[in-house]
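**Student:** pasting the sequence and the predicted model now:
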Amino acid sequence: MDDEFQIPVSLPLDSDGFLRRECPSCEREFKWFSHAEDDENAELVAQYFCPLCGVAAGSDSWWTHAQLEYGFGSASGAIDQAVQDSLADAFKGIKGMKLEPNSSFSLDFETPAALVEPDDMVIVEPPCHPNEPVKVPEASAERAFCLICGAQFAA
């Protein structure tokens, strides 16, 4: 078995196509637009800037706590199976030892309820990267930072 495997997990978008995110620095939530994989207008960058505090972080740093819990919980069946397969592989070929699979084995991850994405927050569009709008809480809509370059703008 490989040391790493991937399990696809779908996250809900709001009705405008935005995905909820959480800043690893200020820990406030906002949303960024979820482009289709083949969208030529999507900006592919190694880091993003928080539209609320302007601090940059790597592209894999923006999960909300609820999204992480949902992802781990949704992957529990595949993780259980990977552990069982690894144990079976570890004992394969050892003379005098046989591992009997236990169908009731489980790491006891809780199966999460489906996430629901409400239609909250207001859309702000940075003049420098208009193809990368974000949604921010209404109280934060007067000034924001561009998700792509970090430039501050008046919304």
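**Tutor:** Done, it's in.

**Student:** next, the buried residues of the helix ranked longest in the chain.
**Tutor:** In the chain, with assignment by DSSP state H, the single longest helix is helix 76-91. Under the neighbour-count criterion of 16 or more other Cβ atoms under 10 Å, helix 76-91 has 76, 84 buried. Where C-beta positions appear, they are placed from N, C-alpha and C, glycine not excepted.

**Student:** cool, and stretch 63-76?
**Tutor:** 63, 64, 67, 70, 71, 74, 75, 76.

**Student:** spatially nearest residue to the fifth one, not counting backbone neighbours?
**Tutor:** Okay, so that is residue 71. If the residues on either side of it in the chain are set aside, residue 71 comes closest to residue 9, at 4.8 Å by Cβ to Cβ, 6 or more residues apart in numbering.

**Student:** just list the residues touching the one you found, thanks.
**Tutor:** 70, 71, 74, 75 (Cβ atoms under 8 Å, 6 or more residues apart in numbering).

**Student:** quick check: the gap between residue 117 and residue 88.
**Tutor:** According to Cβ to Cβ, to the nearest Å, residue 117 and residue 88 sit 39 Å apart.

**Student:** what segments of this protein are helices?
**Tutor:** For the chain, applying DSSP H gives helices covering 65-74, 76-91.

**Student:** those helices into TSV, with extra columns for distance to residue 151?
**Tutor:** As requested, these are exported to TSV (distance: least, Cβ to Cβ, whole Å):
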stretch	distance to residue 151
helix 65-74	27
helix 76-91	41
